[in-house]
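Trainee: please find the sequence and the predicted model below.
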Amino acid sequence: MATAIVLLKIDHKRVTGTAEKILDIPDVTDVYSISGRHDLLVMITCDSIDKIESVITDELLRTDGIIESETMFAFRSYDKREGGKAVDVD
């Protein structure tokens, strides 16, 4: 599975509503309200990078309230459930 982490700056009057709309997007697994330069952190998990690209460009970034975005891709997961061992992210 491919995983993307998307950091979003949101119109401050619309953070909660925007987060709720984003959570309704298929393949979005988590939405976090965060401190710092960004307002929301969005986790997307799909079968492929191509599918993630489609989710981000065709659905996520068309959501009202988003001012700016930054996308990162996960290469490897260090998961407590895996005993702290590295798990490659395809």
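Mentor: All right, it came through fine.

Trainee: what about the strands in this structure?
Mentor: Applying DSSP state E to the chain gives strands spanning 2-10, 28-33, 40-46, 66-73, 76-78, 86-88.

Trainee: among these, show the one with the smallest mean pLDDT.
Mentor: Lowest mean pLDDT of the strands of the chain: strand 86-88, a mean of 61.

Trainee: the longest helix seen in the chain to strand 28-33, inter-axis angle?
Mentor: Longest helix in the chain, counting residues (DSSP state H): helix 15-23. On the basis of axes from the mean of the first three to the mean of the last three CA atoms, to 10 degrees, helix 15-23 is oriented at 170 degrees to strand 28-33.

Trainee: and the angle from helix 15-23 to strand 66-73?
Mentor: Using the same axes, to 10 degrees: helix 15-23 against strand 66-73 is 50 degrees.

Trainee: and the angle for helix 15-23 with strand 2-10?
Mentor: Going by the same axes, to 10 degrees, helix 15-23 makes 160 degrees with strand 2-10.

Trainee: can you give me the buried ones in helix 15-23?
Mentor: When neighbours are counted by 16 or more other CB atoms under 10 Å, the buried residues of helix 15-23 are found to be Val15, Thr18, Ala19, Lys21, Ile22. Backbone N, C-alpha and C define where each C-beta goes, glycine included.
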